[in-house]
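Visitor: pasting the sequence and the predicted coordinates here, then a few questions.
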Amino acid sequence: MKAFRGEILSVPADPASAGHEAIRHYPDGLLVVEDGLVIACGAYADLADTYAEADTETLTGLIVPGFVDAHVHYPQIGSIASHGEQLMQWLERHIFPAEKAFADRAHADATAAFFLDQLLRHGTTSALVFATVHPGSVDALFEAALQRDMRIVSGKVLMDLGPEDLRDTLVSGRADTEALIARWRGRGRLGYAVTPRFAPTSSAEQLASAGEMVAAHPDVMMHTHLSENPGEIAYVAERFPEAADYLDVYARFGLVGPRSVFAHCVHSDDGALQRMAEAGAGIAFCPTSNMFLGSGLFDLAAADRHGVNVGIGTDVGAGTTLSVLHTLGEAYRTCQLRGSNLDPFRALHLATAGGARVIGIGDKVGGLLPGQEADFIVLEDQATPLLARRCHGASLHDRLFALQVLGDDRAISATYLRGRKV
Ligand code: GUN
Ligand code: ZN
């Protein structure tokens, strides 16, 4: 048994619906861990006697749950900050060439290792990750995640209408997906997501096949992109004239349900948001990507009105940072431009327990609740001279907000997976 003493903050429920009660803050707290699981989390004064025997380490900084990145592409880590285009041209010019290189397993292994180490450095302990069309890209990521004991959900990208040398077929996409599900099921803290890239790069037959696999395997997630860019949306409307809208394309193939995660939804209207809420589907809000590609501004307040579950995605390589902390600052700016407001405690919820729920691991991580895995990080509000100056004598609210606006990997002083420092 191990215990960590320090200032602890977690937001297991959404303050937007649960109110201020959702915020759990212990200025002098104790987090008790046994066999990698949280067994108690509360005020030191309340727990010290019960856990007097535990080996106790004092941590300086703010202890919060590890971040959950609800949408990111590991093969695009080297393509971050590629200049000049919006979505469809950016994919053609920068991304598809980079993804073709993942036919080489050694390249996939090296990139996966680098990517996961970067996630940990940025305080991200769980993520829903796009690989490439190559099944070996998933093996590479899962092996590296297993070595590091990270909670990662991923899957081979289905794209039978992709460019030459970066496409599968109806038959190979199905067979490779089934084989990966069978190979990785139940190993470590890994999960599988059936991953059609987006409607433009899959045939109707492949989307139907994806829907069948989601139905056949109740333990897998479904991960794709939706309504990111006006050009993309127009193309989808042209290819699927029978569908009511972009979301309906996925719905017709059985791809809209409680295990579905849709990245972006920048242009989803009230009707689509309502149908997502009714289906229990989740959205990955990716503000840095949406601004970088000029895609538009996600309307968080509209998603809230309909009750859709939302997580935070960095969406690297269209996203411009792997820092979920910094991404929250950008989410705040997006909300400002949309005429709404993102409270820093709610932001922390979206980046932890909220995101975990969206990507199907809400029972495992995100709230520092008893029984959950003890994945946590230590935020350092003295990490830079500017942060230190802004946070000196400030309230918790103001320190947390300053960390979101000014912080990045420099503000993560330690990352713990199942109670072990990495
Ligand atoms: N839509 C389809 N593929 C992609 C991708 O790789 N990145 C982003 N941002 N959108 C996509
Ligand atoms: Zn993406």
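Guide: Perfect, I can see it now. The model shown is predicted, which means the values in this text are computed figures rather than measured ones. Residues are numbered from 1 along each chain as shown. Ligands and ions are numbered 1, 2, ... in the order given.

Visitor: residue numbers of the stretch 1-150 of the chain in contact with ligand 1?
Guide: Neighbours of ligand 1 within the stretch 1-150 of the chain, by C-beta under 6 Å from any ligand atom: 73, 87, 91, 95. From N, CA and C alone the C-beta is placed, and that goes for glycine too.

Visitor: can you tell me which two in those are farthest apart?
Guide: His73 and Leu87 (13.1 Å; C-beta to C-beta).

Visitor: hey, which helix is longest across the protein?
Guide: helix 105-121 (DSSP state H).

Visitor: now it: how far from the chain's centre is it?
Guide: 17 Å (C-alpha atoms, centre = their mean, to the nearest Å).

Visitor: which element follows that helix toward the C-terminus?
Guide: Sequence order places strand 124-130 as the next helix or strand after helix 105-121, per DSSP states H and E.

Visitor: in the chain, where is pLDDT below threshold?
Guide: For the chain, no stretch has pLDDT under 70.

Visitor: please repeat the previous calculation with a cut-off of 90.
Guide: Low-confidence segments of the chain (pLDDT under 90): 84-85.

Visitor: for it, what lies in contact range of ligand 2?
Guide: With C-beta under 5 Å from the ion as the criterion, the chain comes near ligand 2 at residues 263, 315.

Visitor: nearest residue to the middle of the chain?
Guide: The centroid of the chain falls nearest to Ala70 when counting by C-alpha atoms, centre = their mean (1.5 Å).

Visitor: now the residue of the chain positioned farthest from its centre. Its backbone dihedrals?
Guide: Within the chain, the residue lying farthest from the chain centre (C-alpha atoms, centre = their mean) is Asp49, at 37.5 Å. Phi and psi for Asp49, reported as degrees, to the nearest 10, are phi -70, psi -50.

Visitor: now the strands for the stretch 301-422 of the chain?
Guide: Assigned by DSSP state E, counting those that start in this stretch, the strands in the stretch 301-422 of the chain fall at 309-312, 376-379, 412-417, 420-421.

Visitor: columns distance to ligand 1 and mean neighbour count on top of the ones you listed, output as JSON lines?
Guide: Below are these laid out as JSON lines (distance: least, C-beta to the nearest ligand atom, whole Å; neighbours: other C-beta atoms under 10 Å):
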{"stretch": "strand 309-312", "distance to ligand 1": "15", "mean neighbour count": "26"}
{"stretch": "strand 376-379", "distance to ligand 1": "26", "mean neighbour count": "24"}
{"stretch": "strand 412-417", "distance to ligand 1": "25", "mean neighbour count": "21"}
{"stretch": "strand 420-421", "distance to ligand 1": "33", "mean neighbour count": "12"}
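
Visitor: okay if I get those strands as TSV plus distance to His20?
Guide: Formatted as TSV, these follow (distance: least, C-beta to C-beta, whole Å):
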stretch	distance to His20
strand 309-312	20
strand 376-379	21
strand 412-417	26
strand 420-421	32
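
Visitor: select, out of those strands, the one closest to Asp139.
Guide: strand 412-417 (21.0 Å).

Visitor: give me the residues contacting the closest one.
Guide: 4, 59-61, 66, 120-123, 125, 148-150, 325, 374-380, 383, 421-422 (C-beta atoms under 8 Å, 6 or more residues apart in numbering).

Visitor: among the residues of the stretch 1-150 of the chain next to ligand 1, who's most crowded?
Guide: Highest neighbour count within these, by other C-beta atoms under 10 Å: His73, with 26 neighbours.

Visitor: what is it paired to in the beta sheet?
Guide: In this structure, His73 bridges to Phe130 when assessed by DSSP bridges.

Visitor: quick one, phi psi at Ala263?
Guide: Main-chain dihedrals, Ala263, degrees, to the nearest 10: phi -80, psi 140.

Visitor: cool, and Gln147?
Guide: phi -60, psi -40.

Visitor: burial check on it, number of neighbours?
Guide: By the criterion of other C-beta under 10 Å, Gln147 has 12 neighbours.

Visitor: now do Leu387
Guide: Going by other C-beta under 10 Å, the residues that sit close to Leu387 add up to 21.

Visitor: alpha carbons only: can I get stretch 3-13 in PDB?
Guide: Presented in PDB, the C-alpha positions along stretch 3-13 are these (Å, rounded to 0.1, in the frame of the first residue of the first chain):
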ATOM      1  CA  ALA A   3      -0.100   6.900   0.000                       C
ATOM      2  CA  PHE A   4       0.500  10.300  -1.600                       C
ATOM      3  CA  ARG A   5       0.000  13.400   0.500                       C
ATOM      4  CA  GLY A   6      -0.500  16.800  -1.100                       C
ATOM      5  CA  GLU A   7      -3.100  19.200  -2.600                       C
ATOM      6  CA  ILE A   8      -5.600  17.000  -4.500                       C
ATOM      7  CA  LEU A   9      -8.200  18.100  -7.000                       C
ATOM      8  CA  SER A  10     -10.600  15.900  -9.000                       C
ATOM      9  CA  VAL A  11     -13.900  16.600 -10.800                       C
ATOM     10  CA  PRO A  12     -15.500  13.200 -11.300                       C
ATOM     11  CA  ALA A  13     -18.900  14.500 -12.300                       C
END
